[in-house]
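Q: would you be able to build a 3D model of this:
(2 chains)
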Amino acid sequence: MRYINIFLIFFSLLVSSGTVYEFSNDEDEKRFNKLLNDIRCPKCTSGSLSSSNAPISEDLKQKIAEMINSNKTDNEIKEYVTKRFGKDSLYEPEFSRETYILWFSPFLVLILGLFFFLLRRKI
Amino acid sequence: MKILLKLIILILPASFIWMFFLLLTEDDSIIGADYRNFALPEFNLEQLDESIFIDSSDLGDDYIINVWASWCITCRVEHPYLMSLNNKGVPIIGLNYKDEKNDALEWLSKFGNPYERIIHDYKGTLALDLGVTGAPETFLVQNGKIIAHYQGEINESIWNEVFSPIIEEKELF
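A: All right, here's what the predicted structure looks like:
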């Protein structure tokens, strides 16, 4: 019986630590957790929001939870973050005109390489 | 044909090296400075030294916003420079960040108050909307629009490098 009490005390400590975010459904919670992994903590060298409990990260997590609960889309949330903390807040660069070269340059190099390989064989 | 091929093999890596050289060395910006323009976020927060609520319409046209707190050691270092800026006639709005009211007021009475008005942002909501990651940080505001932002302590050399050029260009203050 004594052991059960000790166990209960430890268990309740675990439950009370950290902030609890409330969502109306499971899907929102999944979105929240995915966003936390996709967004960099503004104060860290490299670490996602989910890995950080810096005060600024806690604020940002709270804000993201609020935005999800007011039916904002993932893109709107990401826009909110990048507008304030820069484009490097997103681990995966967005797909835009500025980043085409980033996304396509490996394929370009591959195609060029293949081209020269075939050209060489012919000669 | 063979010569052309050999030439391309030489040119291709060389142009890559050139591209990276240009990309990596062009950066002449100052670390912590940021000149993206965005509108001052909406807010309605209590003033630190009076129990009235203020919003952006109470702040005037052109001013700087300085994020500070009594727990922030660098703010203490920065403080004399803010005093001298205020003496030169630069309007400074204080954003008291996640601070206890009494601590902040005591800090001001001890060291002096360079601020025209101070917003008490206890929860850091306005600071989050501004993109503040810590204290001190300083924003330059023109007609409700942020035109410059610096993360860290401002002093004479930072002021001259980061803020003076844009202030002269826009003919502020």
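Q: what's the neighbour count on the closest residue to chain B within chain A?
A: Minimum separation of chain A from chain B (Cβ to the nearest Cβ) falls at A:Arg84, amounting to 3.2 Å. Where you see a C-beta, it was placed from the backbone N, CA and C, and this is true even at glycine. A:Arg84 has 21 neighbours, counted by other Cβ atoms under 10 Å in any protein chain shown.
Q: please parse chain A into its domains.
A: A:23-92, A:99-123 (automatic domain parsing).
Q: and the end-to-end length of the first one?
A: Looking back up the chat, that one is domain A:23-92. One end of domain A:23-92 to the other measures 25 Å (Cα to Cα, to the nearest Å).
Q: tell me the mean pLDDT over it?
A: Averaging pLDDT along domain A:23-92 gives 90.
Q: also stretch B:104-122?
A: For stretch B:104-122, mean pLDDT is 94.
Q: show me what from chain A comes close to chain B.
A: Contact residues, chain A versus chain B (Cβ under 8 Å from any Cβ of the partner chain): A:42-43, A:55-56, A:59-60, A:63, A:83-86, A:112, A:116, A:119-120, A:123.
Q: measure B:Ile64 to B:Leu12 for me?
A: Separation of B:Ile64 from B:Leu12 (Cβ to Cβ, to the nearest Å) stands at 49 Å.
Q: those two: which is more packed in?
A: B:Ile64 (23 against 13).
Q: next one: the helix or strand encompassing A:Leu112 to chain centre, how far?
A: Using DSSP states H and E, the element containing A:Leu112 is helix A:100-122. Put simply, helix A:100-122 sits 32 Å off its chain's centre (Cα atoms, centre = their mean, to the nearest Å).
Q: for it, name the packing helices and strands.
A: helix B:2-25 (3 or more Cβ pairs under 8 Å, 6 or more residues apart in numbering or on different chains; DSSP states H and E).
Q: quick one: contacts of the helix it packs on?
A: Residues outside helix B:2-25 that contact it (Cβ atoms under 8 Å, 6 or more residues apart in numbering or on different chains) are A:Leu112, A:Phe116, A:Leu119, A:Arg120, A:Ile123.
Q: drop anything exposed from those.
A: If you count burial by 16 or more other Cβ atoms under 10 Å in any protein chain shown, none of the contacts of helix B:2-25 comes out as buried.
Q: pick out the most distant pair among those residues.
A: Within the contacts of helix B:2-25, A:Leu112 and A:Ile123 form the most distant pair, 16.8 Å apart (Cβ to Cβ).
Q: would you list every one of the helices in the chain?
A: Just going to use chain A. Applying DSSP state H to chain A gives helices spanning A:2-16, A:26-38, A:55-69, A:74-85, A:100-122.
Q: look at chain B instead
A: According to DSSP H, chain B carries its helices in the segments B:2-25, B:73-87, B:101-111, B:125-130, B:156-158, B:164-170.
Q: point out the most buried one among these.
A: Scoring the helices of chain B by mean neighbour count under mean count of other Cβ atoms under 10 Å in any protein chain shown gives helix B:125-130 as the most buried, with a mean of 20.
Q: tell me who's in contact with residue 94.
A: You didn't say which chain, so I picked chain A. Shown in contact with A:Glu94 (Cβ under 8 Å, 6+ apart): A:Lys78, A:Thr82, A:Lys87.
Q: you answered for a different chain; I wanted chain B.
A: Counting by Cβ under 8 Å, 6+ apart, B:Gly94 makes contact with B:Leu48, B:Ile65, B:Asn66, B:Trp68, B:Pro114, B:Tyr115, B:Arg117, B:Ile118, B:Ile119.
Q: can you tell me which of those has the most neighbours?
A: Counting by other Cβ under 10 Å, top hit in the contacts of B:Gly94: B:Trp68 with 28 neighbours.
Q: which residues does it bridge with?
A: Under DSSP bridges, the beta-bridge partners of B:Trp68 are B:Asn96.
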